[in-house]
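>>> Output the structure for:
(chains A and B)
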Protein chains: 2
Amino acid sequence: MKIIVMKFGGTSVANIEKIKNVAKIVSINSKKNKIVVVLSAMSGVTNQLQSYIDEIDYSPSEETDLVMTSGEQVTVGLLSMILNKQGIKSKPLLGWQIPIVTDENHEKARILNIENKNIDYHFKSHDVIVLAGFQGISLSGHITSLGRGGSDTTAVAIASSLSAERCDIFTDVKGVFTSDPNIVSNAKKIDKLAYEEMLEMASTGAKVLQTRSVELALKNNLTLQVLSSFTNVEGTYILNENKLIEKEIVSGVSYSGNESKLTISGIPDKPGISAKIFGLMARSNINVDMIVQNISQDGIFANMTFTVPTKDLSLAKKILQSSNNQINYRNLSSDSDIAKISVIGMGMMSQTGVAEKMFSTLAEKDINILAISTSEIKISVLIQKKYCELAIKSLHSVYKLSKT
Amino acid sequence: MKIIVMKFGGTSVANIEKIKNVAKIVSINSKKNKIVVVLSAMSGVTNQLQSYIDEIDYSPSEETDLVMTSGEQVTVGLLSMILNKQGIKSKPLLGWQIPIVTDENHEKARILNIENKNIDYHFKSHDVIVLAGFQGISLSGHITSLGRGGSDTTAVAIASSLSAERCDIFTDVKGVFTSDPNIVSNAKKIDKLAYEEMLEMASTGAKVLQTRSVELALKNNLTLQVLSSFTNVEGTYILNENKLIEKEIVSGVSYSGNESKLTISGIPDKPGISAKIFGLMARSNINVDMIVQNISQDGIFANMTFTVPTKDLSLAKKILQSSNNQINYRNLSSDSDIAKISVIGMGMMSQTGVAEKMFSTLAEKDINILAISTSEIKISVLIQKKYCELAIKSLHSVYKLSKT
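Here you go, the predicted model:
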């Protein structure tokens, strides 16, 4: 029998009625497949728990993960009850009971190992395994969490580990859209996307899937489907680009408003300075995104602009200020009023003119580009936040992504 | 250094402010002692979780205990954070992390073993261990719970296992009272009680401590203190009767309104029938309390009256009905409109006339006694529920228990 992994997010398990709906979906699929269900906490619960931690103001630790991982335990128990009552033999499991072994990095732990043989064992006497997402256990026996959205990673990791047929990520949206439907009213659902496109979309702001889960699916060549638990229609499949019949030049326009720009100017232009700056950021677990470096006219000093998550901005500034004896910059400035807009598509690799069209469209609208970064399948620009919506709408239209 | 175990119930950890208050109490005591803190879930949480289970209508199982034990995980993490922030080295632990090994009896599991060496290990580098109450793990790896109020049992079991100096049970009342202050306005706090008295009080309705926890303290000769986490005054000590200087003839008047009376009449008066009836109850984990048997005038048939928790009444009736081919009774009736009133005191053992005073007091008030049961230190009567308050007030007064 094939194994399918089905992950349900917080809105899909928000109350007993919705968990019963999840049981219905699982029930239909359990007739022909063995099912691993991965669950988040009820929507709102994780925020409530986070608010307790915020009230105490405590750094990621054994304690914070203990608090944060309590929510999935509830939904796992409840779904397993409902399935068993319907005659579907279900086994509830927490992360440590498998175990899902992670490193010690609290609130962003990485999975080191999954003990498949326990899952195989339980499948001998159960049709469905209901597993708590988001959580694991470190080698030292501490409960860990994989970070917000980490249940996606749990689902993909389990699916890869079990060589599952597919991993379905159920959520409250119908799939991945060409752009945020809240901004672009005629954005349309994408049927199929390459992993690489989804990765670029996720990392540039489309919050449907946690980036790490897509990376893991890519690495293991696991087909994902993002779909709604509230409608009975196919969602967006995310798969190997070889399975895409037609590669779109531009698949979508995404944005991120959660980053801030840091500019360090007047840095002595010596080898090793970039490594020093970004080494400092990496050691504090700050994800640096766009990086633009330029040399001043006199050729002696360099300027460096890069973006960091806004939540890490003050930490990044503190680190740079206290390390100026190593870097010797003249000035440090920051700007949180920015947005990053990206156009993404596998077809870009073989098609020219995509960037030019992007830049000219923005120029026509008098939107100034503060920085540019590109990959083979993505072009991102940094703009002032106030132009964000205008930029997205214009690009969505010029690349003909709208519903017909 | 001496070890003190301090248990805080749900109202003492209802929000961050109250958990900070707990940290203050722990902090003061941690200066001179090693402390094990045992916590319940935030008040309201367990009821919320129970309501989910009720909505699904599921019997005690791996699943229900998974849901029910999630609440302590939160309070344990939060208190440990606050203590650590105050420089008191704290280690949070869940039941399975010690482990506290129990039998497989979900929702009323019994502790089989506590791995002390893990606690000793953590005390090498920590001043305080914050432990989730109420929960354990069975030999087959299922999470179990010790039943409502089970955190008291966790605290006493840990204290006994560690040969702790004392086990303090913090709650929202100032101690054990001569009667329910909601009914008897001038009931007074008792300073010291023998285990046996507390046991009778708990089993007859005083809900301050879980009965099992008192039994365990008695068995291990562990001194308990019941006190309020909101006032800085001594509570009620519960200890070995040898430590009581003066034994009260009557220490308190308690009641229980949660029992129902079952009467089986027309049973053939043969040996072994009682064993059969109460064996059936025991196998379904139904606690039978008062038992009155009498033989009918013709000496052929017997009647049997006994009480069971009202929540188990319909199960008990179902079992008796389906087992009538074994018992051959003629009639089965039940009454839920009853209350059990008890007077309790160690001094009764050496004093006569206590029962007579009880019966005559009730007779003066025209309260009919439906059944009587006695022990060396307790006299209980079953009466109609509507007379409950009148009976308690009259007895509290006649035994001179009121505040002076």
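
>>> Pick out the residue in the stretch 151-300 of chain A sitting closest to chain B.
Here the stretch 151-300 of chain A gets closest to chain B at one residue, residue A:151, 16.1 Å apart by Cβ to the nearest Cβ. From N, CA and C alone the C-beta is placed, and that goes for glycine too.

>>> and residue A:120, helix, strand or coil?
Three-state assignment for residue A:120 (DSSP: H, G, I helix; E, B strand; the rest coil): helix.

>>> Same question for residue A:22.
For residue A:22, the secondary-structure state derived from three-state DSSP is helix.

>>> picking up where we left off before, skipping its backbone neighbours, what lies nearest the residue of the stretch 151-300 of chain A closest to chain B in space?
Ranked by Cβ to Cβ, 6 or more residues apart in numbering or on different chains and with sequence neighbours excluded, the top spatial neighbour of residue A:151 is residue A:133, at 2.7 Å.

>>> Check residue A:162 too.
Of all residues beyond its chain neighbours, the one nearest residue A:162 is residue A:3 (5.1 Å), with distances taken as Cβ to Cβ, 6+ apart.

>>> who's in contact with the one you found?
Counting by Cβ atoms under 8 Å, 6 or more residues apart in numbering or on different chains, residue A:3 makes contact with A:33, A:34, A:35, A:36, A:159, A:162, A:163, A:164, A:165.

>>> Next step: the residues you listed restricted to strands.
The strands in this structure, assigned by DSSP state E, contain A:33, A:34, A:35, A:36 from the contacts of residue A:3.

>>> Student question: in chain A, what's the helix or strand with minimum average pLDDT?
Per-element confidence for chain A was summarised using mean pLDDT, DSSP states H and E. The lowest value among helices and strands belongs to strand A:291-295, with a mean of 80.

>>> Direction included, what does that one pair against?
Its sheet considered, strand A:291-295 pairs with strand A:301-309 (antiparallel) by DSSP bridges.

>>> The residue in the stretch 301-404 of chain A positioned nearest to chain B: what's it in contact with?
Shortest the stretch 301-404 of chain A-to-chain B distance, computed as Cβ to the nearest Cβ: residue-wise this is residue A:315, at 19.0 Å. Contacts here follow Cβ under 8 Å, 6+ apart; on that basis residue A:315 touches A:284, A:286.

>>> Quickly note the distance from residue A:274 to residue A:302.
Taken as Cβ to Cβ, to the nearest Å, the spacing of residue A:274 relative to residue A:302 amounts to 9 Å.

>>> now do residue A:58
Per Cβ to Cβ, residue A:58 is found 39 Å from residue A:302.

>>> same deal with residue A:113?
Per Cβ to Cβ, residue A:113 is found 43 Å from residue A:302.

>>> coming back round to it: check the offset of the least confident helix or strand of chain A from the chain's centre.
The gap between the average C-alpha position of strand A:291-295 and the chain average comes to 27 Å, counting by Cα atoms, centre = their mean, to the nearest Å.

>>> residues in chain A within reach of chain B, list them.
By the criterion of Cβ under 8 Å from any Cβ of the partner chain, the positions of chain A lying close to chain B are A:16, A:49, A:52-53, A:55-58, A:61-67, A:69-71, A:73-74, A:76-78, A:80-82, A:84-85, A:92, A:94, A:96-97, A:141, A:143.

>>> thinking again about what came up before, from residue B:213, how far off is the residue nearest to residue A:162?
Residue A:3 sits 45 Å away from residue B:213, taking Cβ to Cβ as the criterion.

>>> And for residue A:236?
Using Cβ to Cβ, one gets 55 Å for the distance from residue A:236 to residue B:213.

>>> neighbour count winner among these two?
Of the pair residue A:236 and residue B:213, residue B:213 is the one with more neighbours under other Cβ atoms under 10 Å in any protein chain shown, namely 28 against 23.

>>> contacts for the helix or strand where the more buried one lies?
Remark: residue B:213 resides in helix B:211-220, with elements defined by DSSP states H and E. Applying Cβ under 8 Å, 6+ apart, the contact partners of helix B:211-220 are B:146-147, B:149-150, B:152-153, B:155-157, B:159-160, B:167, B:169, B:195-196, B:198-199, B:202-203, B:222-224, B:238.

>>> Which ones among these lie within strands?
Secondary structure assignment by DSSP E places B:167, B:169, B:224, B:238 of the contacts of helix B:211-220 in strands.

>>> can you pull out the strands in the stretch 301-404 of chain A?
When assigned using DSSP state E, counting those that start in this stretch, the strands of the stretch 301-404 of chain A occupy the ranges A:301-309, A:331-335, A:338-344, A:371-375, A:378-384.

>>> Parallel or antiparallel, which strands does the fourth one pair with?
In the sheet, strand A:371-375 lines up against strand A:378-384 (antiparallel) (DSSP bridges).

>>> And residue A:169, how close does it get to residue A:133?
Taking Cβ to Cβ, one finds residue A:169 at 11 Å from residue A:133.
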